[in-house]
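# what's the 3D shape of this:
(2 chains)
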Amino acid sequence: MGETSLLSIFITALLIQNVALYYLLGMCPFVALSRSLTTAFGMGAAVIFVVTLTSSANWAIYQVLEATGSQIIQYIVFIIVIAACVQLVEMIMERFFPALQASFGIFLPLITVNCTVLFISLKVTTVDNLSYIQAVVYSISAAIGFWLAMIMVAAIYEKLDLIGKVPKGLQGPGIIMIITGIIALAFMGFSGMV
Amino acid sequence: METLLPIGIITAILFTLTVILLIADKFLVSYGDCKVSVADEEGDKEFTVQGGATLLSILIDQGMEIPASCAGRGSCGFCKLNVKSGGGDILPTEEMFISKDEQKRGTRLACQVKVKEDIELFVPDLISTVKGMSESDAFDTRSKWTFEREGNIQVAEDKKTPKLDRKQRNQVLDIVDKHRDNPGPILPILHDVSATFKYLPEAVLRLVSKEMDMPLSKIFRIATFYNLFSLDPVGKYKITVCTGTACHVRGAEGIIEAFEPLLGIKCGETTEDMMFTLDEVRCIGCCGLAPVLTVNEDVQGPMTKKKVPELVKDIKNNAQ
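This is a model prediction of the structure:
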């Protein structure tokens, strides 16, 4: 991906290789918090914040690791940086959005082990070896892609909930999985764009 | 050297992150000293605490009795109090316990409110909390006391509660003295009171609470937990139908339905002449005799609907 333009990186990360719909990553908060638009919106925003912060920090750290030949510790370092960022997000939310924090419950600290976050950090460093600007653009657009997928599913779920015709066995996670699958199929249509 | 370098890098990163988080902690999470003004039935109190903790833990630290059987997990809904100012917005975790009316009055769960600024509270005293508990849906509606309420929080003395006469008072004091020094004395005391009075009169529980120096709410919790205890007067013959799994499968509901028209009462009620009380219980441990019931202490089983009129007739004959 050495010479790819920023626009094509943006579109690839946002639509074509959407982390939630193409790679199917971060499914636990995705399924658990897609039941209302407000929480989905907040969770997506928190993920955008964490991903942007961590992957830009991790990119810089990875350059140091590569230069010193100590890539062996990259996973540990990435996880530590992610954990610290989540801690930071939690402090900010406790201060400014206590109601949102209460509705997240356990899922806010669990962003730490959200595979989306680690995946994007690894993708911009070891897998694709992007330049700094590309890495930042990629991580922001991938995170926006996660947010987008989440609020789409949440909006559809809310509408379905209002109609109330979801079969009993499919209520909750079941129907969210099905909605996700159908949206993922629709997103396959973007694959020829870049 | 090659192994030391990664260790050094990790240490440096950890150190940097710790410093960043400490700085963030100082600016974001610390709220400085907050003034907590508490008003309750006994008067006003005011104290200054370090911000950031929950209201429940702060009040308990100050030695106040706030009932919270879930220890602050936000799942029992008993630690209600009124926040007049400085509590922030109501959280989604509280909404299921607090009605619209209470929301207007500023009722919050103490375990969910974090003290971040100066805060003003009204804490209902224990008795009204206990009464609030008994009026909530969480309790069996059939076994609750009747209370009169004046205004929002002030509780009028219950005029229906008969006062204890000297003899009854002495009986209760004897029972309390008998068990006072044993470990876990409340249950045996309630057992003996129940055996003497056939039920747990409110006045007796208040006396026990005073004598044992224990909050009424604790005694109330024990008294409402066990099916054996009744807070209402029971009839001379207490018919308890087991509705445990085995009895339910073999038709305990039908037995209760057969009793109801015969005695003219619904399950959980007492006849006006104070002869019969009909009640249900989850399992008395005689599944081999299912469906089974007890008349006072006598176990009768296996029952059928046809045997019910016969049994009632027998009891009435014996009584005469």
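# how many other residues sit next to the nearest residue to residue B:74 once chain neighbours are set aside?
In this structure, residue B:74 finds its nearest non-sequential neighbour in residue B:93, 4.9 Å apart by CB to CB, 6 or more residues apart in numbering or on different chains. (Glycine included, C-beta is placed from N, CA and C.) A count of nearby residues for residue B:93, using other CB atoms under 10 Å in any protein chain shown, gives 17.
# the closest residue to residue A:154 other than its chain neighbours - how many residues pack around it?
Using CB to CB, 6+ apart and skipping residues adjacent in sequence, the residue nearest residue A:154 is residue A:40, 3.5 Å away. Using other CB under 10 Å as the criterion, residue A:40 is surrounded by 24 other residues.
# from residue A:47, how far off is residue A:40?
Separation of residue A:40 from residue A:47 (CB to CB, to the nearest Å): 10 Å.
# next one: residue B:110
Residue B:110 sits 33 Å away from residue A:47 when distances are taken as CB to CB.
# ok, residue A:65 next?
For residue A:65, the distance to residue A:47 under the criterion CB to CB works out to 25 Å.
# neighbour count: these two, which is higher?
For residue A:65 versus residue A:47, the count of surrounding residues by other CB under 10 Å is larger for residue A:47: 27 against 22.
# pLDDT wise, what is the more buried one at?
At residue A:47, the predicted lDDT confidence score is 90.
# that one and chain B, how far apart?
19 Å (CB to the nearest CB, to the nearest Å).
# which residues in the stretch 151-300 of chain B form helices?
B:166-179, B:186-197, B:202-212, B:216-225, B:245-249, B:252-263 (DSSP state H, counting those that start in this stretch).
# how many neighbours does residue B:71 have?
Close neighbours of residue B:71, defined as other CB under 10 Å, add up to 11.
# what sits against it?
With contacts defined as CB atoms under 8 Å, 6 or more residues apart in numbering or on different chains, residue B:71 is in contact with no residue.
# residue B:211: what's it in contact with?
For residue B:211, the residues meeting the contact criterion (CB under 8 Å, 6+ apart) are B:172-173, B:176, B:180.
# ok, now with 6 Å
When the contact criterion is CB atoms under 6 Å, 6 or more residues apart in numbering or on different chains, the partners of residue B:211 are residue B:176.
# likewise residue B:13?
The contact partners of residue B:13, by CB under 6 Å, 6+ apart, come to residue A:77.
# next, the buried residues of the helix or strand containing it.
Assigning secondary structure by DSSP states H and E places residue B:13 in helix B:4-24. In terms of neighbour count (16 or more other CB atoms under 10 Å in any protein chain shown), helix B:4-24 has its buried residues at B:6, B:9, B:13, B:17, B:21, B:24.
# what's the answer for stretch A:97-116, then?
Within stretch A:97-116, the residues that qualify as buried are A:98, A:100-104, A:107-108, A:111-112, A:114, A:116, counting by 16+ other CB under 10 Å.
# tell me where chain A has strands.
When assigned using DSSP state E, chain A turns out to have no strands.
# up against chain B, what does it have?
Neighbours of chain B within chain A, by CB under 6 Å from any CB of the partner chain: A:68, A:70, A:73, A:77, A:84, A:87-88, A:91, A:95, A:99, A:102-103.
# just how off-centre is stretch A:136-145 within its chain?
Here the centre of mass of C-alpha atoms in stretch A:136-145, compared against the chain's by CA atoms, centre = their mean, to the nearest Å, lies 8 Å away.
# now do stretch B:292-300
28 Å.
# distance-wise, check the residue of the stretch 51-200 of chain B found nearest chain A relative to residue B:13.
With CB to the nearest CB, the shortest gap between the stretch 51-200 of chain B and chain A falls at residue B:91, namely 4.1 Å. Taking CB to CB as the measure, residue B:91 falls 35 Å from residue B:13.
# go on, residue B:288?
In this view, residue B:288 and residue B:13 are 68 Å apart by CB to CB.
# kindly report the same for residue A:135.
Counting by CB to CB, the separation of residue A:135 from residue B:13 is 18 Å.
# residue B:268 now?
If you go by CB to CB, the gap between residue B:268 and residue B:13 works out to 66 Å.
# pLDDT below threshold where in the chain?
Defaulting to chain A. For chain A, the stretches with pLDDT under 70 are A:1-3.
# try again with chain B
For chain B, the stretches flagged by pLDDT under 70 are B:1, B:41-42, B:125-162.
# near chain A, which residues of it?
Those residues of chain B that sit near chain A, judged by CB under 6 Å from any CB, are B:5-6, B:10, B:13, B:17, B:21, B:24, B:28-29, B:89, B:91-93.
# list the buried ones in stretch A:4-15?
Here stretch A:4-15 shows A:9-15 as buried, counting by 16+ other CB under 10 Å.
# stretch A:53-64 now?
For stretch A:53-64, a neighbour-count test (16+ other CB under 10 Å) marks A:53-59, A:61-62 as buried.
# from those, pick the one nearest chain B.
Distance to chain B across the buried residues of stretch A:53-64 (CB to the nearest CB) is lowest for residue A:61, with 6.7 Å.
# contacting residues for that closest one?
Going by CB under 6 Å, 6+ apart, residue A:61 touches residue A:77.
# roughly how far apart are it and residue B:303?
76 Å.
# go on, residue A:35?
Distance, residue A:35 to residue B:303, using CB to CB: 48 Å.
# so for those two, which sits in the more crowded spot?
Neighbours per residue (other CB under 10 Å) separate residue A:35 from residue B:303, with residue B:303 holding more: 23 against 16.
# so who does that one touch?
By CB under 6 Å, 6+ apart, the contact set of residue B:303 is B:255, B:291, B:293.
# make it 8 Å
By CB under 8 Å, 6+ apart, the contact set of residue B:303 is B:255, B:291-293, B:311.
# redo the residues you listed as a markdown table? Include neighbour count.
Formatted as a markdown table, those follow (neighbours: other CB atoms under 10 Å in any protein chain shown):
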| residue | neighbour count |
| --- | --- |
| B:255 | 26 |
| B:291 | 27 |
| B:292 | 25 |
| B:293 | 29 |
| B:311 | 18 |
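# which one of those residues is nearest to residue B:123?
Using CB to CB, the shortest approach to residue B:123 within these belongs to residue B:293, at 44.9 Å.
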